[in-house]
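Student: Starting from these lines, generate the structure:
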Amino acid sequence: TSRLLPATYTWLERWQNLAFRLQSWYERAMEGGTSYDNLMFIFQMGVIIWVTGYLMVWFLFRSGKVWPAIVPGGLVLLINLYYAPNDISFWFLVYLMVSLLLVVRFNLYSQQNKWRSEGVFFRPDISLDFLRDGFIFSALIIAFAWFTPPVVDAKTLGLFDDFEGSWRDMQGEWNRLFADLNYRDRRAFDSFGASLKLGGPRQLTDEPVMDVKVEGIGRYWRAVVYDYYSGDGWLTRNEDRADFGAGDKVALPIFEAREVVTQTYTSHRNGSTVLYAMANPIDLDRSAKATFSALPDVDTAKTLSPNWSEVTEPWAEEVTYIRSNSTIDQDESYQVVSAISRATVNQLQNAGSDYPVWITERYLQLPDSITRRTRELAVELTEPYDNNFDKARAIERYLRQTLTYNEGISAPPAGVDKVDYILFDTKEAYCDYYATSMIVMLRSLGIPARFVAGFARGSFDSETGVYHVLNRDAHSWVEVYFPQYGWIEFEPTASQPNIIRPTSPEDEGSLASRALPADTGPDLEENFPGGQGDNIPINDEAFADGTPFAFNLPFIGTQISVSRSTVNGSVLVVGLAVIAGVVVGRMWWRSQTQIKPGESVATLYSRMIKIAGWMGLSMRPWQTPYEQAALLQRSLPTCQREIYSITNEYVHHTFSPHKNGTTPDTSVYDT
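Tutor: Residues are numbered from 1 along each chain as shown. Here you go, the predicted structure:
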């Protein structure tokens, strides 16, 4: 850890700096704040791994227990498997294999000690045989468990229903305390949290997520709002929480040109807790925790009345994230009331740029990595316009026309500004990069903007009036702030339909009827190219080596994506391993059961005793060879003559003073 501190520090200064950062992290943890210091994660993981390694060695060599030595390390690796930005499944498989071999070797070691104390003969090279066979057996077990689909989902069994809420709370606390980690992009149904990492290819599925019924036209189902851009991803700095839908009041700003809309969400999965809503949620029919940004009194006092819904604290900019206090079951529904914007083009063009202080302080932040040519491009694109709405629309239009939509792009190289790389080098993107590029250029011009994640509207069923939302509809977009009108949505992603706004209030009714999301005519094709997730122009060249698909580890809520070529290769390897296991096993069985001429009588007798042990007739330390033979003869009456012949020859060659060599006569081989 000390090597990650500035090299110019002395050892004393390093200790002081580390102690100060530990204290700051602890204070944030106790006060409910958010920490962005990755050094604290590295330091604490180092301590955890050291303690885990110590416990593993102690359990193995001092306590003589193998499973307590394996489980802690496996849990640490499993957590990394879930959160790591890259797929580390290979290392998890290696850990499973080594762990199973350790179990085999440790049990053999215990048995060898027991055999020595009881005077039981065994070959010195027996450990090699056990490790070889244990490797084959372990490989077959892992392959079978890995590639066999689960018969029933853990959610269906209800095994973890009581644990689900606590697990979600723990995940939320983890994301709060280590908000700037290089998390994997886990854009799934219930994976929205305090941070979003800009990474490599998106790997989504056609799994149904939810159905949404809304009064009017749906556009986005928002999950979370991010305000802080780190250069590697997005974070939410909202640290205030309140009960939502349980009687507590939160003062929310009242913007002009808003319409109250009720939405009904019906989940298609068990165990979800994230509650989705259209922009600016104001009411909810179930108990939940709402995350918001509380504003200091000095700012709100100037504009408190009549622009706020309540006159009691806390005053909030807007509810940006809602998590249910209880899990949502499959086919369970909930309702949300939102105040969505109906602002016209003329209204937004004339909104001006008189932003509140609490807006400019939060939504103009940019990292130092933003390049000069990115800023210059933003100026060039917006130079012809004199209002912020047209400037935002110019950048939106440029991104839609210039960047090719591609969900299979690789993550930008380390040390390179991500927006610069997307705009000038690769010129390919998916929604996360489209939205980030637009926000960065807007903020560089002094226009407040923020990153929003959730789901696009999905496919509309005109018969039922319901939007069917799939996992592949996961999406991110941009919201830009306009005085008096609040946050307004923009869509820079080329695969999504343009947002069509009325020019004036008189045009709103006719335009809304044109935009109804049903297959009603050519106007829809013109105004909504590509649909919502259907026929998206994905670049297939990115998947030339095999189309990716996903499978689930049973009883583990993580999804691992691999290519078909990888699975085909894995199946081939597993098949070869099975064939090799059968061949080696057959050879081993023949070596253990077949008698070769010239073998010593002691070897013959040892093999007979070993086979008897497999049958549950192990020789006891107090038994003589003839007593053991009598036991075998009673159990195997058809082999009495053979058992006596081998035993008698063994006793004669072992205890008789008149030995005729160590090789038995031919009659014993015949036996």
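Student: how about the strands of the stretch 151-300 of the chain, start to end?
Tutor: Taking DSSP state E, counting those that start in this stretch to define them, one finds strands in the stretch 151-300 of the chain at 195-197, 208-214, 220-226, 228-229, 233-235, 240-244, 258-267, 272-274, 281-284, 288-294.
Student: Over to the stretch 351-500 of the chain?
Tutor: So, for the stretch 351-500 of the chain - with DSSP E, counting those that start in this stretch - the strands run 404-405, 428-429, 449-456, 459-461, 466-470, 474-482, 486-490.
Student: Can you name every helix or strand that the first one contacts?
Tutor: Of the remaining helices and strands, those touching strand 404-405 by 3 or more Cβ pairs under 8 Å, 6 or more residues apart in numbering; DSSP states H and E are strand 428-429. Glycine gets a C-beta too; all of them are placed from N, C-alpha and C.
Student: Switch the strands of the stretch 151-300 of the chain over to a markdown table; also include distance to Leu377.
Tutor: Listed next are these as a markdown table, based on distance: least, Cβ to Cβ, whole Å:
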| stretch | distance to Leu377 |
| --- | --- |
| strand 195-197 | 24 |
| strand 208-214 | 36 |
| strand 220-226 | 23 |
| strand 228-229 | 17 |
| strand 233-235 | 21 |
| strand 240-244 | 36 |
| strand 258-267 | 33 |
| strand 272-274 | 35 |
| strand 281-284 | 35 |
| strand 288-294 | 30 |
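Student: out of these, which comes closest to Glu332?
Tutor: With distances scored as Cβ to Cβ, the stretch of the strands of the stretch 151-300 of the chain nearest to Glu332 is strand 258-267 (5.7 Å).
Student: Just the CA atoms of that closest one, as PDB, please.
Tutor: Only the C-alpha atoms of strand 258-267 are listed here, as PDB (Å, rounded to 0.1, in the frame of the first residue of the first chain):
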ATOM      1  CA  ARG A 258     -45.100  19.600 -16.200                       C
ATOM      2  CA  GLU A 259     -47.700  16.900 -16.500                       C
ATOM      3  CA  VAL A 260     -48.500  14.400 -13.800                       C
ATOM      4  CA  VAL A 261     -48.400  10.800 -15.200                       C
ATOM      5  CA  THR A 262     -49.100   7.500 -13.400                       C
ATOM      6  CA  GLN A 263     -47.200   4.400 -14.400                       C
ATOM      7  CA  THR A 264     -47.800   0.800 -13.400                       C
ATOM      8  CA  TYR A 265     -44.800  -1.500 -13.400                       C
ATOM      9  CA  THR A 266     -45.100  -5.300 -13.300                       C
ATOM     10  CA  SER A 267     -42.000  -7.300 -12.700                       C
END
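Student: Each with direction, which strands does that strand pair with?
Tutor: Paired strands of strand 258-267, with direction, are strand 208-214 (antiparallel), strand 333-341 (antiparallel) (DSSP bridges).
Student: Now the shortest one: buried residues?
Tutor: When burial is assessed from 16 or more other Cβ atoms under 10 Å, strand 208-214 yields the following buried residues: Val209, Met210, Asp211, Val212, Lys213, Val214.
Student: wait, which of the strands of the stretch 351-500 of the chain is closest to Arg634?
Tutor: strand 466-470 (68.5 Å).
Student: Packing partners of the closest one?
Tutor: Strand 466-470 sits against strand 208-214, strand 459-461, with contacts defined as 3+ Cβ pairs under 8 Å, 6+ apart.
Student: Could you export the ones you listed to TSV, including columns for mean pLDDT?
Tutor: What follows is these, written out as TSV (pLDDT from 0 to 100):
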stretch	mean pLDDT
strand 208-214	94
strand 459-461	93
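Student: Contacts only, for the nearest residue to Ile447 once chain neighbours are set aside.
Tutor: Excluding its sequence neighbours, the residue lying closest to Ile447 (Cβ to Cβ, 6 or more residues apart in numbering) is Asn388, at 5.1 Å. Shown in contact with Asn388 (Cβ atoms under 8 Å, 6 or more residues apart in numbering): Ala351, Ser353, Ile447, Val480, Phe482.
Student: helices and strands of the protein: which one bottoms out on pLDDT?
Tutor: Every helix and strand of the chain was ranked by mean pLDDT, DSSP states H and E. The lowest is strand 548-552, at a mean of 28.
Student: Who's the closest spatial neighbour of Leu108, skipping the chain neighbours?
Tutor: Phe130 (4.9 Å).
Student: rank the strands of the stretch 151-300 of the chain by pLDDT, which is bottom?
Tutor: Across those, strand 240-244 has the smallest mean pLDDT, namely a mean of 70.
Student: coming back round to it: just the buried residues of the contacts of Asn388.
Tutor: Buried among the contacts of Asn388 by 16+ other Cβ under 10 Å: Ala351, Ile447, Val480, Phe482.
Student: Now compare these and name the two farthest from each other.
Tutor: Pairwise over the buried ones among the contacts of Asn388, using Cβ to Cβ, the maximum falls at Ala351 and Ile447, 11.2 Å.
Student: and which of the contacts of Asn388 is nearest Pro201?
Tutor: Val480 (28.3 Å).
Student: Look up how far Ser326 lies from the closest one.
Tutor: Val480 sits 35 Å away from Ser326, going by Cβ to Cβ, to the nearest Å.
Student: cool, and Met56?
Tutor: Applying Cβ to Cβ to Met56 and Ser326 gives a distance of 38 Å.
Student: And these two? Which one has more around it.
Tutor: Each of Met56 and Ser326 has its neighbours counted (other Cβ atoms under 10 Å); Met56 has more, 18 against 13.
Student: what's the average pLDDT for the host helix or strand of the more buried one?
Tutor: Assigned by DSSP states H and E, Met56 belongs to helix 38-57. For helix 38-57, mean pLDDT is 84.
Student: Equivalent analysis for stretch 325-338, please.
Tutor: 88.
Student: One more: stretch 372-389?
Tutor: For stretch 372-389, mean pLDDT is 97.
Student: Sort out which residues of that stretch are buried, please.
Tutor: For stretch 372-389, a neighbour-count test (16+ other Cβ under 10 Å) marks Thr374, Arg375, Leu377, Ala378, Leu381, Thr382, Asn387, Asn388, Phe389 as buried.
Student: Adding distance to Ile340, write those residues out as JSON lines.
Tutor: Below are these laid out as JSON lines (distance: Cβ to Cβ, whole Å):
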{"residue": "Thr374", "distance to Ile340": "32"}
{"residue": "Arg375", "distance to Ile340": "32"}
{"residue": "Leu377", "distance to Ile340": "32"}
{"residue": "Ala378", "distance to Ile340": "28"}
{"residue": "Leu381", "distance to Ile340": "28"}
{"residue": "Thr382", "distance to Ile340": "27"}
{"residue": "Asn387", "distance to Ile340": "22"}
{"residue": "Asn388", "distance to Ile340": "20"}
{"residue": "Phe389", "distance to Ile340": "17"}
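Student: Return the distance of Tyr644 relative to Ile611.
Tutor: 16 Å.
Student: So which of those two has more stuff around it?
Tutor: Tyr644 (16 against 13).
Student: how far away is the residue nearest to Gln496 when sequence neighbours are not counted from Arg472?
Tutor: Leaving aside its chain neighbours, Gln496 sits nearest to Ala456 (6.2 Å; criterion: Cβ to Cβ, 6+ apart). Counting by Cβ to Cβ, the separation of Ala456 from Arg472 is 9 Å.
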